[in-house]
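Asker: structure, please.
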Amino acid sequence: MNKTENITDSEIIVMKVIWKKERCTAAKIIAEVSKNSDWHFRTIKTLLRNLVKKEVVGYDIDEHDSRIYHYFPLISEEDYLRQERENFTDLYYDGNVGAVVAGFLKDTKLSKYELQDLKRILNNCLGGEKSKNE
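Answerer: I've put the predicted structure just below:
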């Protein structure tokens, strides 16, 4: 995926189904997306076609029925999210990851579990060193 060619919010809804299913037909994608939206099936097919054009979704044709296409992701969800985090950090924080984390921490109330998990992650990032406050 080209860094400048972003996936739209609507396309992300379709991608989430494809990431979850890993390989599925347009009919399954339409059924899944339709559970939470009132989009017409043609809208969903257009979004799917856009994702193929952006080369984030691939497809192959069913060996028994040439009218059926099986869609699959060409980029993992984690790789996509990593790229989006990098783009966000570069665009809004001039690449300063610490400022991003500090901003989220300042604006968000974390549960005790989330705080413990964050401490564990930070500890791992520091190579297992214990902080002075622990």
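
Asker: kindly state the domain boundaries assigned to the protein.
Answerer: Listed domain ranges for the chain are 9-75, 78-125 (source: automatic domain parsing).

Asker: least confident of those domains, on average?
Answerer: In terms of mean pLDDT, the lowest-scoring of those is domain 78-125 (a mean of 91).

Asker: winner for burial among the domains of the chain?
Answerer: Stretch with highest mean neighbour count among the domains of the chain: domain 9-75 (a mean of 15; mean count of other Cβ atoms under 10 Å). No exception for glycine: its C-beta is placed from N, CA and C like everyone else's.

Asker: span of stretch 20-34 from start to end?
Answerer: This stretch, stretch 20-34, spans 15 Å end to end (Cα to Cα, to the nearest Å).

Asker: contacting residues around that stretch?
Answerer: With Cβ atoms under 8 Å, 6 or more residues apart in numbering as the test, stretch 20-34 has contacts from 13-14, 17-18, 39, 41, 44-45, 48, 62, 68-73.

Asker: longest single helix anywhere in this protein?
Answerer: The longest helix of the chain (DSSP state H) is helix 77-93.

Asker: quick check: angle from the helix or strand following that helix to helix 77-93?
Answerer: Going down the chain from helix 77-93, the next helix or strand is helix 97-107, by DSSP states H and E. Calculated by axes from the mean of the first three to the mean of the last three Cα atoms, to 10 degrees, helix 97-107 forms an angle of 90 degrees with helix 77-93.
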